[in-house]
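> sequence and predicted model, in that order:
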Amino acid sequence: MGEETPHQTAHRIVTELAELYEQATGRLRAALVSYLDKGIVPELQARRSGVFTYPELRLSYDPNGKPPVFSRSFAKLSEPGVYVTTITEPELFRDYLEEQLILLLSDYQIELEVRVSSVEIPYSYVLDGSDDLNMENADPGELARLFPFADLAFIGDEIADGEFVSTDGTRPLALFDGPRTDLSLHRLYHYTGTPFEHIQQFILFTNYHRYVDEFISWGLQQLREGDEYTELSVAGFVTVDKHTKNAEKIIANTPWHKYQMPAYHLRAKDGRGITLVNIGVGPTNAKTITEHLAVLRPQCWLMIGHCGGLRRSQRLGDYVLAHAYHRNDHVLDDVLPLDIPIPALAEIQVALAEATARVSGEGMDKVKTRLRTGTVVSKDDRNWELRYTQEAKMINRSRAIAVDLESATIAANGFRFRVPYGTLLCVSDKPLHGEIKLPGAANLFYQKSVREHMLIGFEAINILKNDVDNSLHSRKLRAFEEPPFR
């Protein structure tokens, strides 16, 4: 037989990772069953031998001469050395892992090795969906003493934030290791009310539940009339497809309100569908959900919501395309200081502007009368208007044209975690000029503006899907010392 191709090697490596992971989680689940049912305590010596540990992927690079230079923003090696990461859920991440490895194997002379790591898998990550585990009388403190647990002292974002210091001379292979990824996956499960496996590569955020209604309506239409999407997964752990009878009624009766940030996934092959998350109002949820979604390495996330217009020339229903962000949210200051700029990404800006023109049916010149680019200021105080004199001065100095409570946070964490981001907001009131939606016109305004706004989001994603392999992942998001994996 001849040598393996990069595709064959990448596939084999991920399969080896998956086998080690399944063996470790299987042993951990079996040990929990034995303890909970029979009181059998796992032997410490067995734990030290790595029976419950994550698989580890090691990449060794020792070039002859200078490393080659590539224009892409990821799957690059700038320095010789050994790059290491632990991996969780290899099958969930198979496409992502194989993509990174194929590019690296094609362009560099590297050696790959799969090992059993020394990092144990926390027992709590094998509990969800495990009907064979009798947890009724379990003592969490005793379980943490006898089994590996999620030790927060060893879980963080030091790699992404540029604060990681190696203790053994190796370099990080990815932004997130196994424990950090697992922490987020299982929190997503509880925050969104959906399986984390259903989250798609293209993500929309909104701050208003009416957008959810439009997403569901449009999603069901796509299922019934086309073949791009396979099913709709909604908060409350309910999934419907084109053959589901009374799908609207089933979805309406789901307990979505039990979840802090309910999510909705229009699923497609290879995860190339669309996820919508209703993050509600405020920067805290925006920070929380993006920090957890980032471990899934989405292709992009876009904020599609309502805002307050700050200029007299704006009208209710006009759009704001953010090309700058004034962060006044105070939730990321410690990890991303305010003196670090958050750039607009040209690929996202063009897609959102083009999508607005297509959906509205108007030429770009006419669209510009309804769509204005400018600075969006994001606050952490919903009642900022009560300090009118102070706030008006700040807004004037920043040249902001719109205000909300989430967009800058979402963009900042996109920058921080190297996830392409963008913002298109709809003006729903003008707080500085006394213009609000009158009760009689409110429903008509929402019906028209929300539907068009959502359609623009869908169209922008369709445009961006064609740029994934070319320019979507901007080099603006990468530092000069980066892990090789995107």
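Alright, I've got the coordinates.
> drop to CA atoms for contacts and neighbour counts, all remaining ones
OK.
> ok, which stretches of the protein are helices?
With DSSP state H applied, the chain shows helices at 6-38, 44-48, 94-107, 140-146, 178-192, 210-225, 247-252, 283-293, 346-360, 364-367, 388-398, 407-417, 439-465, listed in chain order.
> tell me who's in contact with Phe196.
Going by CA atoms under 8 Å, 6 or more residues apart in numbering, Phe196 touches Leu185, His186, Leu188, Tyr189.
> and if you look at Pro255?
Ala235, Gly236 are the contacts of Pro255 under CA under 8 Å, 6+ apart.
> got a list of what Thr373 touches?
Val320, Leu321, Ala322, His323.
> could you find the closest non-adjacent residue to it?
Leu321 (4.7 Å; CA to CA, 6 or more residues apart in numbering).
> still on that earlier bit, the contacts of Phe196: which two are farthest apart?
Spanning the widest gap among those are Leu185 and Tyr189, at 6.5 Å by CA to CA.
> who has more neighbours out of these two?
For Leu185 and Tyr189, the more surrounded residue by other CA atoms under 10 Å is Leu185, and the numbers stand at 22 against 19.
> and the more buried one, what does it touch?
Taking CA under 8 Å, 6+ apart as the test, what Leu185 contacts is Phe196, His292, Leu293, Val295.
> Ala160: which of the helices of the chain is closest?
Across the helices of the chain, Ala160 has its closest neighbour in helix 407-417 (6.2 Å, CA to CA).
> list the buried residues in that closest one.
Neighbour counts over helix 407-417 (16 or more other CA atoms under 10 Å) mark Ser407, Ala408, Thr409, Ile410, Ala411, Ala412, Asn413, Gly414, Phe415, Arg416, Phe417 as buried.
> for the fourth one, give me the pLDDT.
Okay, so that is Ile410. What the model reports as pLDDT for Ile410 is 98.
> these two touch, right, it and Thr288?
No: counting by CA atoms under 8 Å, Ile410 stays clear of Thr288, with 9.7 Å between them.
> how far out from the middle of the chain is stretch 205-214?
For stretch 205-214, the separation from the chain centroid amounts to 18 Å (computed by CA atoms, centre = their mean, to the nearest Å).
> also stretch 286-300?
Worked out by CA atoms, centre = their mean, stretch 286-300 lies 2 Å from the chain centre.
> could you pull out the strands in the stretch 251-400 of the chain for me?
Using DSSP state E, counting those that start in this stretch, the strands of the stretch 251-400 of the chain run over 263-268, 274-278, 300-309, 319-328, 371-379, 400-404.
> what's the closest of those to Ile110?
Between Ile110 and these, the shortest separation by CA to CA is 29.2 Å, and it involves strand 300-309.
> and the residue nearest in space to the middle of the chain, how far from Gln349?
In the chain, the C-alpha nearest the mean C-alpha coordinate belongs to Leu293, at 2.9 Å (CA atoms, centre = their mean). As defined by CA to CA, to the nearest Å, Leu293 lies at a distance of 22 Å from Gln349.
> for Thr167, same thing?
Going from Thr167 to Gln349 by CA to CA gives 41 Å.
> got the buried residues for stretch 174-184?
Here stretch 174-184 shows Ala174, Leu175, Phe176, Asp177, Gly178, Pro179, Arg180, Thr181, Asp182, Leu183, Ser184 as buried, counting by 16+ other CA under 10 Å.
> the second one reaches Ala160, doesn't it?
Right, Leu175. Yes: in terms of CA under 8 Å, Leu175 counts as a neighbour of Ala160; the distance is 5.5 Å.
> shared neighbours of those two, which are they?
By CA under 8 Å, 6+ apart, Leu175 and Ala160 have these common neighbours: Phe417.
> in the stretch 301-450 of the chain, where is pLDDT below threshold?
Applying pLDDT under 70 to the stretch 301-450 of the chain flags residues 433-446.
> rerun that using 50 as the cut-off
Filtered on pLDDT under 50, the stretch 301-450 of the chain yields the residue ranges 441.
> what is the neighbour count of Phe154?
9.
> er, Ser78 I mean
If you count neighbours by other CA under 10 Å, Ser78 ends up with 15.
> alright, calling it a day.
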